[in-house]
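S.K.: Turn this into a model:
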Amino acid sequence: MTTDISELSARLMALETVVGHMVTRHAIRTDDPQRWLSTRKRLALQAISNVQAGAPGTGQQSQLMEALRDAIAEFFDNAEQAVCSAEPQDQHAAEAHRRSIAGH
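M.R.: Next up, the predicted model:
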């Protein structure tokens with residue numbers, strides 16, 4: 001059982017890392033990265049609220065939903081920090097990308 005939990009934990013960490021990089025790169029390429037991230041965070045939190053609204057409320061489920069909300073908030077906070085630190089470096093690349101899209 002511990003091996004299964006360790007394997008699952010490692011897979012989740014890898015998935016979070018990959019998705020985090022993808023979200024950050026996509027956000028940087030938008031016109032307003034902070035707004036893009038804020039919208040995605042709001043949508044993810046709303047999805048959790050919708051799941052919670054459809055499920056019967058138990059104390060354990062409420063704790064799980066709160067943990068999910070915290071994890072989502074932390075994920076997007078980390079992405080926002082990465083975008084803020086990368087924005088000046090990638091500003092020229094993002095502008096070139098936007099121009100290439102507009103030209104097609």
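
S.K.: where are the low-confidence patches of this structure?
M.R.: Along the chain, segments meeting pLDDT under 70 span 1, 55-58, 87-101, 103-104.

S.K.: Could you pull out the helices in this protein for me?
M.R.: 2-28, 33-54, 59-102 (DSSP state H).

S.K.: by contact count, what packs against the second one?
M.R.: Using 3 or more C-beta pairs under 8 Å, 6 or more residues apart in numbering; DSSP states H and E as the contact test, the elements touching helix 33-54 are helix 2-28, helix 59-102. No exception for glycine: its C-beta is placed from N, CA and C like everyone else's.

S.K.: okay if I get those helices as JSON lines plus distance to residue 36 and mean neighbour count?
M.R.: Below are the helices and strands packed on helix 33-54 laid out as JSON lines (distance: least, C-beta to C-beta, whole Å; neighbours: other C-beta atoms under 10 Å):
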{"stretch": "helix 2-28", "distance to residue 36": "5", "mean neighbour count": "12"}
{"stretch": "helix 59-102", "distance to residue 36": "9", "mean neighbour count": "13"}
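
S.K.: Reformat those as a markdown table; add distance to residue 53.
M.R.: Shown next, in a markdown table, are the helices and strands packed on helix 33-54 (distance: least, C-beta to C-beta, whole Å):
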| stretch | distance to residue 53 |
| --- | --- |
| helix 2-28 | 25 |
| helix 59-102 | 10 |
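
S.K.: Compare those and report which one is nearest to residue 48.
M.R.: Counting by C-beta to C-beta, residue 48 lies closest to helix 59-102 out of the helices and strands packed on helix 33-54; the figure is 5.2 Å.

S.K.: For the nearest residue to residue 52 once chain neighbours are set aside, give its distance to residue 72.
M.R.: Excluding the flanking residues, the one nearest residue 52 by C-beta to C-beta, 6 or more residues apart in numbering is residue 65, at 4.6 Å. Computed as C-beta to C-beta, to the nearest Å, the residue 65 to residue 72 distance reads 11 Å.

S.K.: before we move on, what about residue 45?
M.R.: Residue 45 sits 6 Å away from residue 72, going by C-beta to C-beta.

S.K.: Spatially central residue for this protein, please.
M.R.: Per C-alpha atoms, centre = their mean, the C-alpha nearest to the average position across the chain is that of residue 76, at 4.6 Å.
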